[in-house]
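1. Provided below for reference: sequence and predicted model.
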Amino acid sequence: MSLPMEYEVIRSRRKTLCAEVREDRVIIRAPLRASAAEIRAFVQKNREWIETHLEKARQKALERSAVPRLTDGEIRALAEQALRVIPERAAYYAPLVGVRYGRITIRNQRTRWGSCSSKGNLNFNCLLMLTPPEALDSVVVHELCHLKEMNHSKRFYAEVLRVFPEYRKWQKWLRDNGSQILARLGP
């Protein structure tokens, strides 16, 4: 018999149960009406998947802790470089997407590569300067396409792929390598 597994339950107006692994935490997202017994049975049924992903998350956390941190001066230099490079890329891709954007802001964030406001302003992470140019372009196109579709629907991704056909390849690169880069900002 296996030991009980600790997990946090978040209830919402969803229809199905799902498990999410974040570093050393397991989150079970559950419908409002799901019983405790249903949730326990779901966890037991998916125990192997959860344990595998917990181990992967622990390994990534160990790898991130070994990554050298950027100094304040290095972060400032990356932000200055981003202020030169990213607006050029946005200006190149905006007509291809068929949109106009507002202000571009450069930030140093630990979790996001970019974001888009409902007012048409774009935010980008200065750490994009540490990625291949194609990865940066994939983020720029992604955010510009949000000016047409403020969601992640099929129509949104069809637009992204129309403008940047290699999008999925570079998003996978960011998924596989991005946490190492983001970890350079420190805890």
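-> Arrived safely, thanks for sending.

2. Report the backbone C-alpha coordinates of the lowest-mean-pLDDT helix or strand in the chain in CSV.
-> The helix or strand of the chain with the lowest confidence, counting by mean pLDDT, DSSP states H and E, is helix 47-65 at a mean of 85. What follows is helix 47-65, C-alpha atoms only, in CSV (Å, rounded to 0.1, in the frame of the first residue of the first chain):
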residue,chain,number,x,y,z
ARG,A,47,-0.8,8.8,-8.8
GLU,A,48,2.0,7.5,-11.2
TRP,A,49,1.6,10.5,-13.5
ILE,A,50,1.6,12.9,-10.5
GLU,A,51,4.7,11.3,-9.0
THR,A,52,6.6,11.4,-12.3
HIS,A,53,5.8,15.0,-12.8
LEU,A,54,6.7,15.9,-9.2
GLU,A,55,10.1,14.3,-9.7
LYS,A,56,10.6,16.2,-13.0
ALA,A,57,9.7,19.4,-11.2
ARG,A,58,12.1,18.7,-8.3
GLN,A,59,14.9,18.0,-10.9
LYS,A,60,14.2,21.3,-12.6
ALA,A,61,14.2,23.2,-9.3
LEU,A,62,17.6,21.6,-8.5
GLU,A,63,18.9,22.7,-12.0
ARG,A,64,17.6,26.2,-11.5
SER,A,65,19.3,26.5,-8.1
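
3. helices or strands next to it in the packing?
-> When contacts are defined as 3 or more CB pairs under 8 Å, 6 or more residues apart in numbering; DSSP states H and E, helix 47-65 packs onto strand 18-22, helix 167-182. Just so you know, the C-beta spots here come from the backbone N, C-alpha and C atoms, and that holds for glycine as well.

4. Next SSE downstream of it?
-> Scanning forward in sequence from helix 47-65 by DSSP states H and E, the next helix or strand is helix 72-97.

5. which stretch among the helices and strands packed on helix 47-65 comes nearest Lys60?
-> helix 167-182 (5.8 Å; CB to CB).

6. coming back round to it: can you add distance to Arg58 and mean neighbour count and give the helices and strands packed on helix 47-65 back as JSON lines?
-> What follows is the helices and strands packed on helix 47-65, written out as JSON lines (distance: least, CB to CB, whole Å; neighbours: other CB atoms under 10 Å):
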{"stretch": "strand 18-22", "distance to Arg58": "10", "mean neighbour count": "14"}
{"stretch": "helix 167-182", "distance to Arg58": "13", "mean neighbour count": "16"}
